[in-house]
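S.K.: Task: produce atomic coordinates for the following.
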Amino acid sequence: MAEGNGAAGDRPLSIRDVARLAGVSRQTVSRVINGEPYIKPSTEEHVRRVIEELAWRPNSAARALATARSKSIGLLVSSRSMYGPFSASGAIDEAARERGYTINSATLADTDETHIAAALDAFVAQGVDGIVVIAPQQRTLEALRRVAIRVPFMSLQWRDGPGGRVVGFDQLAGARAATRHLIELGHSRILHLAGPQDWNEAEERMRGFLAEMSAHDMPTEAPVLGDWTVDFGYDIGRRLLTRRGEFTAVFASNDQMALGVVHAATELGLQVPEDLSVVGFDDIPEAKHFTPPLTTVRQDFRVLGRHAIDVLLADIEGGPAPWPSALEMPELVVRRSTAPPPVV
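M.R.: Numbers count the residues shown, from 1 in each chain. Okay, the predicted model is just below:
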């Protein structure tokens, strides 16, 4: 009997070699290694004994032959520079590997239709079994709508995908919870520092803020459109916080802008939360170490990654869909950056 994975000359053993040495068809070996039913017990036992004697392990190519799948998933990300897309990418990669799949990842340098089509074509050429898209920007989503996606597909935070399922966090509900927290503390003059409106998350969070303010019949100042950065939060804070008394709380659309607001308030002699309450969104790892620790909205990206892979693999493997779509509920995390408004 040949030894190890080098029995066929200097090359590793293939599934065809195993089938030949076991005296069965390649399809039979495929069925055995994939645990398929309707194989005679004596045949299965014989094939497994040969596999054990050869110390053979199916590599990815052999498994692709056995299953007509590559056990790989394409992950297309339009931006890794922000905390959300970066964390979601890592969570999806971890969840895929737990299920025996590898991730082929690509980041879009340009988000026009030509570059998106080229990235998707590259995935198809690599033989991926499915594609996950993390594309928070509206311009990327519009381009994706016009591109044919030829394998099972799903997206994060995209409600209107072309036939794909959606998994994500309910941004609107998270923003409403953050706004409601400030209202329940007694704040009525709340400023929303929004993210760039080309991003779906920013749009949903702004809508949630406005909906909750309207539900409580609160006067609402037009949200300020930001760019996600701590520098913007600081600069706008330096300008707006000179209008003392016009608002007593800020709900920032992400934690970085919230940090900038806290920094600006401190420089202007305001105490957080005694003079100004501040709420963020995302619960970045540093948020609990801000001074004071930041009240924010947490998104569990590990849960998101597992759900995204569950949904996509239901399509790839033909199993029952765990759900047609899944919007996870984010969690309000109350820390020490919020308090009742100052008594005037």
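
S.K.: Correct me if wrong: residue 150 contacts residue 125.
M.R.: No - between residue 150 and residue 125 there is no contact under CB atoms under 8 Å: 10.9 Å. C-beta: built from backbone N, CA, C; applies to glycine.

S.K.: Looking at the two, which one has more neighbours?
M.R.: Ranked by neighbour count (other CB atoms under 10 Å), residue 150 and residue 125 place residue 150 first, with 11 against 8.

S.K.: Distance check, residue 227 against residue 182.
M.R.: As judged by CB to CB, to the nearest Å, residue 227 and residue 182 stand 23 Å apart.

S.K.: Compare neighbour counts for the two and give me the winner.
M.R.: More crowded of residue 227 and residue 182, by other CB under 10 Å: residue 182, with 27 against 14.

S.K.: contacting residues for the more buried one?
M.R.: Residue 182 sits next to 190, 249, 251, 277, 279, 338 when contact means CB atoms under 8 Å, 6 or more residues apart in numbering.

S.K.: list the buried ones in stretch 333-344?
M.R.: The neighbour-count check on stretch 333-344 (16 or more other CB atoms under 10 Å) flags 333, 335, 337, 338, 339, 341 as buried.

S.K.: Same check on stretch 189-209?
M.R.: In stretch 189-209, counting by 16+ other CB under 10 Å, buried: 190-196, 199-206, 208-209.

S.K.: Ok, stretch 173-189 next?
M.R.: In stretch 173-189, counting by 16+ other CB under 10 Å, buried: 173-183, 185, 187.

S.K.: pLDDT, secondary structure and distance to residue 44 added to those residues, as TSV?
M.R.: As requested, those are exported to TSV (pLDDT from 0 to 100; DSSP: H, G, I helix; E, B strand; the rest coil; distance: CB to CB, whole Å):
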residue	pLDDT	secondary structure	distance to residue 44
173	95	helix	50
174	97	helix	51
175	98	helix	55
176	98	helix	56
177	98	helix	54
178	98	helix	57
179	98	helix	60
180	98	helix	59
181	98	helix	59
182	98	helix	64
183	98	helix	65
185	98	helix	66
187	97	coil	68
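
S.K.: one step back: so which of the buried residues of stretch 333-344 are in strands?
M.R.: Using DSSP state E, the subset of the buried residues of stretch 333-344 located in strands is residue 333.

S.K.: Tell me the one of the buried residues of stretch 333-344 nearest residue 289?
M.R.: residue 335 (10.3 Å; CB to CB).

S.K.: Could I get the average pLDDT for stretch 53-69?
M.R.: Averaging pLDDT along stretch 53-69 yields 60.

S.K.: ok, residue 266 - how many residues close by?
M.R.: Around residue 266 there are 14 residues (other CB under 10 Å).

S.K.: what's the helix or strand for it?
M.R.: helix 255-267 (DSSP states H and E).

S.K.: tell me what that helix is packed against?
M.R.: strand 190-194, helix 230-240, strand 249-252, strand 277-279 (3 or more CB pairs under 8 Å, 6 or more residues apart in numbering; DSSP states H and E).

S.K.: Buried deepest among these, which one?
M.R.: strand 249-252 (a mean of 30; mean count of other CB atoms under 10 Å).

S.K.: Surely residue 214 and residue 220 touch.
M.R.: Yes - between residue 214 and residue 220 there is a contact under CB under 8 Å: 7.3 Å.

S.K.: neighbour-wise, which of the two wins?
M.R.: More neighbours surround residue 220 than the other of residue 214 and residue 220, with 15 against 10 (other CB under 10 Å).

S.K.: quick one: secondary structure of the more buried one?
M.R.: The local conformation at residue 220, judged by DSSP: H, G, I helix; E, B strand; the rest coil, is coil.

S.K.: Excluding sequence neighbours, find me the nearest residue to it.
M.R.: residue 213 (4.6 Å; CB to CB, 6 or more residues apart in numbering).

S.K.: And for residue 44?
M.R.: Once flanking residues are discounted, residue 44 sits nearest to residue 32: 5.4 Å by CB to CB, 6+ apart.

S.K.: okay, now that neighbour: neighbour count?
M.R.: Neighbours of residue 32 under the rule other CB under 10 Å: 23.

S.K.: Please tell me how far it sits from residue 43.
M.R.: 8 Å.

S.K.: Read off the pLDDT value for the residue nearest the centre of the chain.
M.R.: Centroid-nearest residue in the chain: residue 88, 3.0 Å away (criterion: CA atoms, centre = their mean). Looking at residue 88, its pLDDT is 89.

S.K.: you'd agree it is up against residue 305?
M.R.: Yes - counting by CB under 8 Å, residue 88 touches residue 305, with 6.8 Å between them.

S.K.: So what sits opposite the closest residue to residue 77 other than its chain neighbours in the bridge?
M.R.: Closest residue in space to residue 77, ignoring its immediate chain neighbours: residue 134 at 4.6 Å, by CB to CB, 6+ apart. With DSSP bridges applied, residue 134 shows beta-bridge pairing to residue 77, residue 156.

S.K.: Based on its surroundings, how many neighbours for residue 134?
M.R.: Around residue 134 there are 24 residues (other CB under 10 Å).

S.K.: how far away is it from residue 202?
M.R.: Using CB to CB, residue 134 is found at 15 Å from residue 202.

S.K.: thinking again about what came up before, the residue nearest to residue 220 and residue 183, how far apart?
M.R.: Separation of residue 213 from residue 183 (CB to CB): 8 Å.
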